[in-house]
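In: Any chance you could fold what I've pasted below:
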Amino acid sequence: MSVALVARPNFDVATEYGSYYMGIAANYAQKRFQVIDLYAADAVKINIFDAIVGSDPIYCYFLGHGNADVYTAQDQEVVFQTCIDNEVMAGKILLLLSCSCGIRLGPNTVSKGALAVFAFEVDFTWVATGDPATDEYARGFFEAINTINNNIVDGYTTGEAYVNSINVWNQWIDFWSASSDPYASLVVQHMVHDRDGMKLFGDETVRATYAGPVIDGIGITPLPFITGSAIILLSLLI
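Out: Okay, the predicted model is just below:
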């Protein structure tokens with residue numbers, strides 16, 4: 001089996017959300033990958049690099065705080081930077097859930113040999129209530145990102161995964177645009193921000209798995225309207 005590497009630090013409220021949803025993605029990836037899941041204290045540079053060198057994953061999904069030139073993991077430990085150590089991603093597909101890494105780090109990583117990099121040119125922000133397992137405001141943000149993961153697992157090209165993720169963003173934006181929830185407009189505002197800031201660099205035709213049949217159609221489950229929750233705004237900004 002091909003190897004997928006997931007790094008999902010968990011040390012603050014923002015990474016708690018990301019690591020929860022990436023845990024769902026890691027479970028999904030087990031359909032067709034041998035998954036190395038580095039969680040919380042295991043999501044440190046030495047373990048990430050050991051997994052890359054020792055297991056040669058074709059696909060990596062990394063969470064963490066970041067900026068235009070830096071990706072960090074557990075406790076904001078720097079993993080790689082623009083022009084520093086990011087050559088380790090050569091020959092791989094990378095999904096990077098970290099603020100603003102698409103400005104320079106993403107395209108630079110492609111220039112160092114990565115097959116494709118999904119990254120954000122903006123600070124990734126979302127509306128939250130404090131419990132990722134039950135938070136219906138935050139859910140759509142992460143389902144849109146995990147669509148990329150699930151598509152990669154199911155054998156779609158990187159370009160197809162990107163388009164399908166945009167479609168899921170749009171479905172959620174339409175859902176919240178039609179909602180009477182008092183925070184609906186805030187959710188829409190930040191969903192549009194993240195959708196427009198999500199970019200794909202590199203090869204749009206590459207696949208991480210065999211080019212066999214895939215399941216068409218990506219949908220969302222209608223949500224109940226919720227009111228009265230304590231709203232917070234979270235970001236993966238360093």
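In: which residue sits closest to the spatially most central residue of the chain, ignoring its sequence neighbours?
Out: Nearest to the mean C-alpha position of the chain, by CA atoms, centre = their mean, lies L97 at 4.0 Å. Spatial nearest neighbour of L97, excluding adjacent residues (CB to CB, 6 or more residues apart in numbering): L63 at 4.8 Å. Where C-beta positions appear, they are placed from N, C-alpha and C, glycine not excepted.
In: C99 is in contact with the one you found, correct?
Out: No. If you go by CB atoms under 8 Å, L63 and C99 don't touch, sitting 11.1 Å apart.
In: Name the residues contacting each of these two.
Out: Residues touching both L63 and C99 (CB atoms under 8 Å, 6 or more residues apart in numbering) are L236.
In: residues contacting A116?
Out: Under the criterion of CB under 8 Å, 6+ apart, the contact list for A116 reads 93-94, 110, 158, 200-204, 206.
In: repeat that for 6 Å
Out: Residues in contact with A116 (CB atoms under 6 Å, 6 or more residues apart in numbering) are 93, 158, 202-203, 206.
In: Mind giving me the PyMOL command for buried ones among those residues?
Out: Selection of buried members from those for PyMOL, criterion 16 or more other CB atoms under 10 Å:
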select buried, resi 93+158+202+203
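In: Adding secondary structure and pLDDT, write the contacts of A116 out as a markdown table.
Out: What follows is those, written out as a markdown table (DSSP: H, G, I helix; E, B strand; the rest coil; pLDDT from 0 to 100):
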| residue | secondary structure | pLDDT |
| --- | --- | --- |
| I93 | strand | 98 |
| T158 | helix | 98 |
| G202 | strand | 98 |
| D203 | coil | 98 |
| V206 | coil | 98 |
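In: As a markdown table, the contacts of A116 with distance to T125 would be great.
Out: Formatted as a markdown table, those follow (distance: CB to CB, whole Å):
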| residue | distance to T125 |
| --- | --- |
| I93 | 25 |
| T158 | 24 |
| G202 | 25 |
| D203 | 29 |
| V206 | 29 |
